[in-house]
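# Can you look at this prediction? I've put the sequence above it.
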Amino acid sequence: MSQKPISGYLPDEAPPIGKLIVFALQQILVMFPATVLVALLTGFDISTTIFASGLATLCFVFITKGQIPLYYGSSFSYIAAICSLQAKYLLTDGSLDTATYIRSAQFGIVMSGLVSIVVGLIIHRFGRKLVEKILPATVTGPIALVIGVSLAGVAINNASGYTNNVPSDIANVNWIISIFTLLVTIALSVYLKKGVWGQLPMLFGVLLGYALASIVTLTTDYKIIDFAAIGNANLLAVPKFTLPLPNWVSVAAIMPIAIATIPESTAHLFQLDLYVNDLAKKKGVTKKYTISDKLGLNLIGDGVGDIVSGMIGGPAGTNYGENLSTMAITRNFSIKMLSTAAIITMVLSFSGTLSGAVSSIPNCVIGGLGIFLFGVIGAQGVAIMIEKKVDVFEARSLAVIAVILVIGIGGSYLPNGQLNIFGMQLPAIATAAIVGIVLNLLLSFKGKEKA
């Protein structure tokens, strides 16, 4: 009895138009909560942030010549640095001069994009060996793990509906919906491995979780979903496009954070290479997808994405682990699918009603999905170290991994994710990345790693 062919789409493949749109919507749903959350936390316009995400993704696809299927979204790594600028733009009455604050932050975001481009050009010129020396798996793996685990608090808070701010009975209802969403998503991803159904666990998980939340809202006194917000939304909501305001304070605060996103982006690229070639092998495709060799191009695309987003009024970002996790789970790496998602995202940014509907997805549903997705991001960090055969019993590797994990994870749970060192407020993930890179280079002089 012959086995059924493995379902899935490689980067240069595309589903039929109907499936293409459905798969694209799933990518949008996965990207939307985190991207919007960054806008809410930093004060950026939500519609502009959504539009910038889609436009930056299309620019990334163009720059990388359609060879790297990754989606650009707002990065959590920049939140603390951007918000730190607010104190400079407080008015005499204590309110925030939001317009000037946002425009100043945009300038820092644009400049941070230059960091990624310069590093990408260096790698493109001198080859991948240079970055493997500076960013080996002993650094990129733990960084990916830190990013996933550091978001665990966000997922749990969402799942409980922010327990500290709501009565325990409402928190219990939120937990029921979260756990239902989590279990349904996991069950669909595990047991529906083949065909179209097996490629949509995230979408169906969100829809089923939303359906349960709707039933609770309509049949009980627990108003989990605010349906009035959907009805009151304007049909059209034009994004607020603004130009950057040159400000060197914002450059000093935001530009260094790009260093943290470089290991993150590198880790995503190596993960993508692993998953795409595994799918190609299972499908019997002889073509080798040399995605990991395009690290320089990937970083240049990331930098262009930051510049494009910053120029029109969007926050800084990077390629999204959530979307990569979804592609890995659904085995759908189609460039055309991601491009379609980007275009739909840009269209949605002009629709107040549709944006309101997506925004109405309750935190508990997002949290249930986040527990799974953020965990997958962390697990992918472990996958990198396994794939690259990192010897965790070797003293140097163990030292680098240990320091990155403790600084990154420990610092992420401090107020605003900031480390207070010698009077300086340093972002935990960026600090962990820099310390890991420097420590690895210093210890490299003591000898080579075991084969």
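In hand now; what should we look at?
# In contact with E387, which residues are there?
Going by C-beta atoms under 8 Å, 6 or more residues apart in numbering, E387 touches A137, F270, L274. In short, each C-beta sits where N, CA and C put it, glycine included.
# Please tell me how far the nearest residue to L441 once chain neighbours are set aside sits from I79.
Leaving aside its sequence neighbours, L441 sits nearest to I134 (C-beta to C-beta, 6 or more residues apart in numbering; 6.9 Å). Look at I134 and I79: by C-beta to C-beta, to the nearest Å, they are 26 Å apart.
# coming back round to it: assess the claim that the residue nearest to L441 and I437 are in contact.
Yes: counting by C-beta atoms under 8 Å, I134 does reach I437; the two are 6.0 Å apart.
# What lies in contact with stretch 81-96?
41-43, 97-98, 100-101, 104-105, 108-109, 249-250, 253-254, 256-257, 315-316, 416, 425, 427.
# of the contacts of E387, buried ones?
A137, F270, L274 (16 or more other C-beta atoms under 10 Å).
# my guess is the last one contacts A383, does it?
Yes: with contact defined as C-beta under 8 Å, L274 reaches A383; the gap is 6.8 Å.
# circling back to that earlier point, tell me the one of the contacts of E387 nearest V403?
A137 (15.4 Å; C-beta to C-beta).
# which residues touch the closest one?
Counted by C-beta under 8 Å, 6+ apart, A137 has contacts F270, I384, M385, E387, K388, V390.
# hmm, try it at 6 Å
The contact partners of A137, taken as C-beta atoms under 6 Å, 6 or more residues apart in numbering, are I384, M385, K388, V390.
# Same question for P69.
P69 makes contact with P11, F333, I335, L338, according to C-beta under 6 Å, 6+ apart.
# Quick check: pLDDT value at it.
If you check P69, the pLDDT there is 91.
# May I have the secondary structure class of it?
What DSSP: H, G, I helix; E, B strand; the rest coil gives for P69 is coil.
# Counting neighbours, what do you get for V110?
Neighbourhood size, V110 [other C-beta atoms under 10 Å]: 23.
# again with S351
18.
# on that earlier part again, show me which of the contacts of stretch 81-96 are buried.
The neighbour count (16+ other C-beta under 10 Å) marks 42, 101, 104-105, 108-109, 250, 253-254, 256-257, 315-316, 425, 427 as buried among the contacts of stretch 81-96.
# Sort out for me which of these are in helices.
Among the buried ones among the contacts of stretch 81-96, the ones falling in helices (DSSP state H) are T42, Y101, S104, A105, G108, I109, S250, A253, I254.
# Turn those into CSV, including pLDDT and distance to D306.
Output for those, formatted as CSV (pLDDT from 0 to 100; distance: C-beta to C-beta, whole Å):
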residue, pLDDT, distance to D306
T42, 80, 14
Y101, 91, 18
S104, 93, 16
A105, 93, 12
G108, 93, 10
I109, 94, 6
S250, 84, 13
A253, 76, 15
I254, 82, 10
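# what helices or strands is the helix or strand hosting M346 leaning on?
Assigned by DSSP states H and E, M346 falls within helix 335-348. Using 3 or more C-beta pairs under 6 Å, 6 or more residues apart in numbering; DSSP states H and E as the contact test, the elements touching helix 335-348 are helix 17-42, helix 46-63.
# Tell me the buried residues in that helix?
Buried-residue list, helix 335-348, by 16+ other C-beta under 10 Å: I335, K336, M337, L338, S339, T340, A341, A342, I344, T345, M346, L348.
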